[in-house]
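K.L.:
What follows is a predicted structure for the sequence shown.
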Amino acid sequence: MKRNLEPIEYKENTEALAKFAKALGHPTRIAILKHLENQSCCFTGDLVEVFPLAQSTISQHLKELKNAGLIQGELKPPKIKYCIHQENWNIAKSLFQQFFD
């Protein structure tokens with residue numbers, strides 16, 4: 001039995017789901033997330049070695065994933081170390097599961 005969501009919770013959940021879905025709307029971003037899920041963390045340069053794309057393209061995809069909250073970056077001058085944002089990743093999985101149920 002599905003429970004009725006309060007209007008505010010409904011709005012927050014649907015907006016969060018749409019934000020995550022938009023970030024996942026490109027095959028390269030999905031591939032980056034799958035790669036990061038199997039790593040503790042990695043640097044942009046590591047991803048350039050894995051994917052046949054320019055560093056600027058990888059950086060743009062990382063920016064989109066970070067803006068959606070799916071990954072987080074830690075500045076390690078002169079590089080940025082990226083990893084899955086576990087809390088938001090779990091929220092995204094839960095929201096998608098609820099959506100498809």
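P.N.:
The structure has been received and is ready for your questions. These figures come from a predicted structure and were not determined experimentally.

K.L.:
For burial, what's the neighbour tally of residue 47?
P.N.:
22 (other CB atoms under 10 Å). Where you see a C-beta, it was placed from the backbone N, CA and C, and this is true even at glycine.

K.L.:
same thing with residue 40?
P.N.:
Neighbours of residue 40 using other CB under 10 Å come to 8.

K.L.:
looking at this, it is in a helix?
P.N.:
No: counting by DSSP: H, G, I helix; E, B strand; the rest coil, residue 40 is located in no helix; its state is coil.

K.L.:
Quick check: the gap between the closest residue to it other than its chain neighbours and residue 99.
P.N.:
Residue nearest to residue 40 in three dimensions, not counting chain neighbours: residue 83, with 6.5 Å by CB to CB, 6 or more residues apart in numbering. Using CB to CB, to the nearest Å, one gets 25 Å for the distance from residue 83 to residue 99.

K.L.:
Which one's more surrounded, those two?
P.N.:
Each of residue 83 and residue 99 has its neighbours counted (other CB under 10 Å); residue 83 has more, 16 against 11.

K.L.:
Whatever helix or strand residue 73 lives in - contacts with which helices or strands?
P.N.:
According to DSSP states H and E, residue 73 maps onto strand 71-76. On a contact count with 3 or more CB pairs under 8 Å, 6 or more residues apart in numbering; DSSP states H and E, strand 71-76 meets helix 27-37, helix 55-67, strand 79-84.

K.L.:
list the contacts for residue 69?
P.N.:
Neighbour list for residue 69: 19, 20, 85, 88 [criterion: CB atoms under 8 Å, 6 or more residues apart in numbering].

K.L.:
Tell me which of those residues fall in strands.
P.N.:
Assignment to strands by DSSP state E places none of these there.

K.L.:
Export those to TSV and append columns for distance to residue 48, pLDDT and neighbour count.
P.N.:
Supplementary listing: the contacts of residue 69 in TSV, determined by distance: CB to CB, whole Å; pLDDT from 0 to 100; neighbours: other CB atoms under 10 Å:
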residue	distance to residue 48	pLDDT	neighbour count
19	26	96	17
20	25	96	21
85	21	96	19
88	24	96	17
